[in-house]
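>>> Turn this into a structure:
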Amino acid sequence: MKALKRTIIIAMFLLAGLIVFGAAAYTVKTNQAAIVIRLGRIKYIEQTPGLHFHVPFIENTQFVYTGDILYDIPTSDVITSDKKSMIADDYVIWSVTDAAKYYQTLGAVRGRAEERIEAAVYNATKNTISSMTQDEIIAARGSTLTDLITKAANSDIAQYGVSIEIAEIKALDLPDDNKEAVYERMISERNNIAAGYTAKGNSEAQKIKNETDKQVSITTANAKAEAAKIEAEGEAEYMKILSDAYNEEGKAEFYNFIRGLDSIKSLSGPNKTIILDKDSEYARILYGQE
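Numbering: from 1, shown residues only. From the prediction side, this is the model:
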C-alpha cells in the first residue's frame with residue numbers, strides 16, 4: 001500500500017514537472033521574435049532561434065513573424081495633376097522591424113498592421129499621382145514611382161514598428177471611357193519618334209554615300225593619272241629604245257620600210273584598192289626595182 005502511494009506521489013510530481021516545463025519552455029523559429037510578457041507588460045524580446053524558458057504562469061509569450069510578407073492592396077481610383085482619372089493596383093512587401101512597437105501599438109495583430117499599410121500606401125499613391133500629369137506618370141512607370149510611393153508610405157507607418165520594403169504599382173490602367181484616346185495619342189507619338197529616327201538614319205546614310213562617292217572619284221582620278229603617267233613613261237622608253245635601235249642610216253631606212261608596209265597593210269582589206277604612183281617607193285618595191 002505504501003509502495004502504491006509512493007508511486008502515485010512520484011507520478012504526480014512528474015506530471016506537475018511536465019506541466020511546469022511545458023508552461024516555462026518555448027521555441028523561437030527562424031524569422032520569428034518571441035515577446036515575453038509579464039502582467040501585461042513586455043519583459044523582454046527573444047529573437048535567437050532555439051529552446052528558451054520563462055517564468056511559468058506569471059509570464060506568457062506572443063510570437064511575431066519578422067520575415068517578408070506580401071500583401072496585395074485592392075485597386076483604387078486616383079486623379080493626375082491634369083485631372084485625368086487612372087486606376088492603380090498596388091502590392092507591398094513589408095515586415096516587422098520593431099516587435100515591441102508592433103505589440104504596443106497594434107497588439108501584434110497582422111490584420112491591424114495591413115489596415116494601416118493599406119491606408120498609407122493608398123495615400124502615398126494618390127499624392128504621388130496627383131503631383132504628376134498623365135504623360136509624366138506613363139513615362140515614369142517603374143522604379144521612379146515605386147521609390148516615391150515606398151518612401152511616402154514608410155513615413156506614415158514607422159510608428160507601428162513595421163517597414164515597407166517595396167510598395168509598387170503592379171498595374172496602372174485607364175478607365176474605359178478614355179483608354180482608346182490615350183492609346184491613339186501614344187501610337188501617334190511613337191510613330192512621330194519612329195519617323196524622326198528614320199529621317200535621321202536616311203540623312204546619315206546619304207552623308208556616308210556622298211563621302212564614299214567622293215573617295216571613289218578621288219581614287220579613280222588618282223589611278224587614271226598614275227596610269228597615264230606610267231603609259232607616257234612607257235611610250236618614252238619605247239621611243240628611246242627605237243631611237244637607239246635605228247640610230248644608223250641603214251637601220252633607219254629598214255625601219256621606214258617596215259613602217260611603210262605596216263601602213264599599207266592597215267589600208268588594205270576586202271573591196272579596197274590602193275593606187276600607187278609608179279615612181280613611189282612602194283611601187284618600186286613591188287616591181288622588184290629595189
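>>> The helix or strand containing I169: partners in the sheet, and parallel or antiparallel?
In the assignment (DSSP states H and E), I169 maps to strand 162-173. Applying DSSP bridges, strand 162-173 is found paired with strand 85-96 (antiparallel).
>>> the strands in the stretch 51-200 of the chain, which residues?
59-65, 69-72, 76-79, 85-96, 162-173 (DSSP state E, counting those that start in this stretch).
>>> So which bits of the third one are buried?
Across strand 76-79, burial judged by 16 or more other C-beta atoms under 10 Å covers 76, 78. Where C-beta positions appear, they are placed from N, C-alpha and C, glycine not excepted.
>>> ditto for the first one
Within strand 59-65, the residues that count as buried by 16+ other C-beta under 10 Å are 59-61, 63-64.
>>> How about stretch 97-114?
Residues of stretch 97-114 classed as buried: 98-99, 101-103, 105-106, 108, 110, 113-114 (neighbour count, 16+ other C-beta under 10 Å).
>>> Counting only helices, which of those residues make the cut?
99, 101-103, 105-106, 110, 113-114 (DSSP state H).
>>> Check the residue positioned nearest the centre of the chain and give its pLDDT.
Computing the C-alpha centroid of the chain and ranking residues by C-alpha atoms, centre = their mean puts G142 first, at 13.0 Å. Looking at G142, its pLDDT reads 73.
>>> give me phi/psi at it?
G142 adopts backbone torsions of phi 130, psi -140, taken as degrees, to the nearest 10.
>>> and the gap between it and K229?
67 Å (C-beta to C-beta, to the nearest Å).
>>> can you check T66 too?
90 Å.
>>> The two: which has the busier surroundings?
T66 (17 against 10; other C-beta atoms under 10 Å).
>>> hang on, isn't that one packed against A34?
No. Between T66 and A34 there is no contact under C-beta atoms under 8 Å: 10.6 Å.
>>> Identify the contacts common to these two.
The contact sets of T66 and A34 overlap at Q47 (C-beta atoms under 8 Å, 6 or more residues apart in numbering).
>>> Around S163, how many other residues sit close by?
17.
>>> Let me see the contact set for it.
Applying C-beta under 8 Å, 6+ apart to S163 gives the contacts 94-95, 97, 154, 157.
>>> Those into CSV, with extra columns for distance to K170 and pLDDT?
Converted to CSV, these look like this (distance: C-beta to C-beta, whole Å; pLDDT from 0 to 100):
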residue, distance to K170, pLDDT
W94, 15, 97
S95, 19, 97
T97, 24, 96
N154, 19, 95
I157, 20, 95
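>>> Quick check on G107: phi, psi?
Residue torsions, per degrees, to the nearest 10, at G107 are phi 70, psi 20.
>>> tell me the helices in the stretch 101-250 of the chain, going along the chain?
110-130, 134-140, 143-157, 176-245, 249-267 (DSSP state H, counting those that start in this stretch).
>>> Mind checking those helices for the one nearest to E168?
Relative to E168, the nearest member of the helices of the stretch 101-250 of the chain by C-beta to C-beta is helix 143-157, separated by 4.5 Å.
>>> Count the neighbours of V121 for me.
With other C-beta under 10 Å as criterion, V121 counts 29.
>>> er, G40 actually
Quick note: G40 (other C-beta under 10 Å) scores 6 neighbours.
>>> got it, and N31?
N31: 14 neighbours (other C-beta under 10 Å).
>>> Equivalent analysis for the one 5 residues further on, please.
Neighbourhood size, V36 [other C-beta under 10 Å]: 18.
>>> Any figure for the gap between it and E231?
108 Å.
>>> Check A108 too.
From A108 over to E231 (counting by C-beta to C-beta), the distance is 102 Å.
>>> quick one: low-confidence parts of this protein?
1-23, 176-183, 185-186, 238-239, 242-290 (pLDDT under 70).
>>> got the contact list for the closest residue to N123 other than its chain neighbours?
Leaving out its chain neighbours, the residue that sits closest to N123 by C-beta to C-beta, 6 or more residues apart in numbering is D156, at 6.8 Å. For D156, the contact set (C-beta under 8 Å, 6+ apart) comprises 116, 119-120, 123-124.
>>> Tell me the most packed of the residues you listed, by neighbour count.
Counting by other C-beta under 10 Å, top hit in the contacts of D156: A120 with 24 neighbours.
>>> Surely T48 touches V28?
Yes. Contact status for T48 versus V28: in contact at 6.3 Å, counting by C-beta under 8 Å.
>>> what about those two, which has more around it?
V28 (18 against 8).
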